[in-house]
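Asker: From the sequence below, what's the structure:
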Amino acid sequence: MKIGFLGPKATFTDIAVREMFPKEESVPYATIPDCFDALSEDEIELAVVPLENALEGSVNITLDYLVHEVDLPIIAELTCPIRQHFMVHPENLDSWKETERIYSHSHAIAQCHKFLHKELKGIPYTNTTSTAAAAQFIKEHPDMKAGAIANELAAKEYGLSIVRKDVHDIHYNHTRFIVLSKNEMPLSEDGSSFKGYKTTVMITLPSDRAGALHQVLSAFAWRRLNLSKIESRPMKTGLGNYFFIIDIDMKQDEVLIPGVVAELEALDCKVKILGSYPYYQLGLEISKLNTYL
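Answerer: So this is what the prediction gives:
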């Protein structure tokens, strides 16, 4: 089985793939849309992309592609701890405080605001498609006085020196990744990483109806369905037009969730189930990941 992920090698997405699918072939792609396209065009069987970070919120391009661009169901969710480190080329190890530019993904830079403000105040940032892409850039430009924010695996992969570990602002820093596939694919429910099931739905409200959102939430409430996430995103059809993404803490059944869908459709809402899937809490140490390199 071939799995596509947001690359290059040693991104946090790569770490998630290595732990969840250690024996499968994995293929890095430069951007999240490239991952979606590869799956749509049957270059790969699974795609793994970031969905949400505990500090910086949703990855909007992932949500927008799921809703507006493709029809690919979610078959699993992987949650991984995120540890950000500041690293430089070994040739610049002794002069790292003279760094003139910082490279990383925009979410990673935002996650490390306090460190950057204190240690490298005023140094300009350049956004990259991933943290590993930033590390790769630093490796390829040893002549630049620049540093990257990335993970420990990226430092090992690209031969960089970590000069400050754990530079993220808050200790509980996790990212949720989703696994997408055109086909149903049963995943293991064994082991401590398996935590349960979720069902994700997209709901579009009828226009100009007072209390519509209250009616939607009531359809879940009186059935005692627990909602772990409610998020709005623009419809891209004009200001004030939104759809809602809702996570239900249960596997799709034959009674409760179909009942919700029927009730919402009777209220003139549009409902689409984006997936009903197992979710996992990962946390493999980098040293153990080295066995897969």
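Asker: Low-confidence stretches in the chain?
Answerer: Filtered on pLDDT under 70, the chain yields the residue ranges 208, 284-293.
Asker: Quick check: closest non-adjacent residue to the most centrally placed residue in it.
Answerer: The centroid of the chain falls nearest to residue 50 when counting by Cα atoms, centre = their mean (1.7 Å). In space, residue 50 comes closest to residue 59 once its chain neighbours are excluded; the distance is 4.9 Å by Cβ to Cβ, 6 or more residues apart in numbering. C-beta coordinates here come from the backbone N, C-alpha and C atoms, glycine included.
Asker: in the chain, which spans are helices?
Answerer: For the chain, applying DSSP state H gives helices covering 12-20, 32-40, 60-64, 106-111, 113-119, 131-140, 152-158, 212-221, 256-266, 286-289.
Asker: Could you list the residues in contact with the third one?
Answerer: Which is helix 60-64. Helix 60-64 is contacted by residues 32-33, 49-51, 178, 231, 233, 236, 245 when judged by Cβ atoms under 8 Å, 6 or more residues apart in numbering.
Asker: same thing but 10 Å
Answerer: 6, 31-33, 35-36, 49-52, 58, 69, 176-178, 180, 202, 231, 233-234, 236, 243, 245, 274 (Cβ atoms under 10 Å, 6 or more residues apart in numbering).
Asker: Next step: the residues you listed restricted to strands.
Answerer: Those of the contacts of helix 60-64 mapping onto strands are 6, 49-52, 58, 176-178, 180, 202, 231, 233-234, 243, 245, 274, per DSSP state E.
Asker: coming back round to it: please tell me how far the residue nearest to the centre of the chain sits from residue 188.
Answerer: Shown here: residue 50 relative to residue 188, a distance of 22 Å by Cβ to Cβ, to the nearest Å.
Asker: Also residue 33?
Answerer: 29 Å.
Asker: Between these two, which is the more surrounded one?
Answerer: residue 33 (16 against 10; other Cβ atoms under 10 Å).
Asker: Quick check: that one touching residue 59?
Answerer: No - Residue 33 is beyond contact range of residue 59, at 11.8 Å (criterion: Cβ atoms under 10 Å).
Asker: joint contacts of these two?
Answerer: Residues touching both residue 33 and residue 59 by Cβ under 10 Å, 6+ apart: 49, 65.
Asker: how many other residues sit next to residue 256?
Answerer: 16.
Asker: any idea what sits nearest it, other than its immediate chain neighbours?
Answerer: Leaving aside its chain neighbours, residue 256 sits nearest to residue 223 (5.2 Å; criterion: Cβ to Cβ, 6+ apart).
Asker: hmm, back to that, show the buried residues in the ones in strands among the contacts of helix 60-64.
Answerer: Among the ones in strands among the contacts of helix 60-64, those buried by neighbour count (16 or more other Cβ atoms under 10 Å) are 6, 49-52, 58, 176-178, 180, 202, 233, 243, 245, 274.
Asker: For those residues, which two are the farthest from each other?
Answerer: Across these, the longest distance by Cβ to Cβ is 24.0 Å; it joins 6 and 243.
Asker: Mind listing what's buried along stretch 86-93?
Answerer: 86-89, 92.
Asker: distance between the ends of that stretch?
Answerer: 11 Å (Cα to Cα, to the nearest Å).
Asker: And residue 40, how far from residue 20?
Answerer: Residue 40 is 22 Å from residue 20, where distance means Cβ to Cβ.
Asker: More neighbours: which of these two?
Answerer: Under the neighbour definition other Cβ under 10 Å, residue 40 and residue 20 were set side by side, and residue 20 has more, 22 against 16.
Asker: how close does residue 259 get to residue 149?
Answerer: 47 Å.
Asker: okay, those two: which has more neighbours?
Answerer: Per other Cβ under 10 Å, whichever of residue 259 and residue 149 has more neighbours is residue 149, with 27 against 14.
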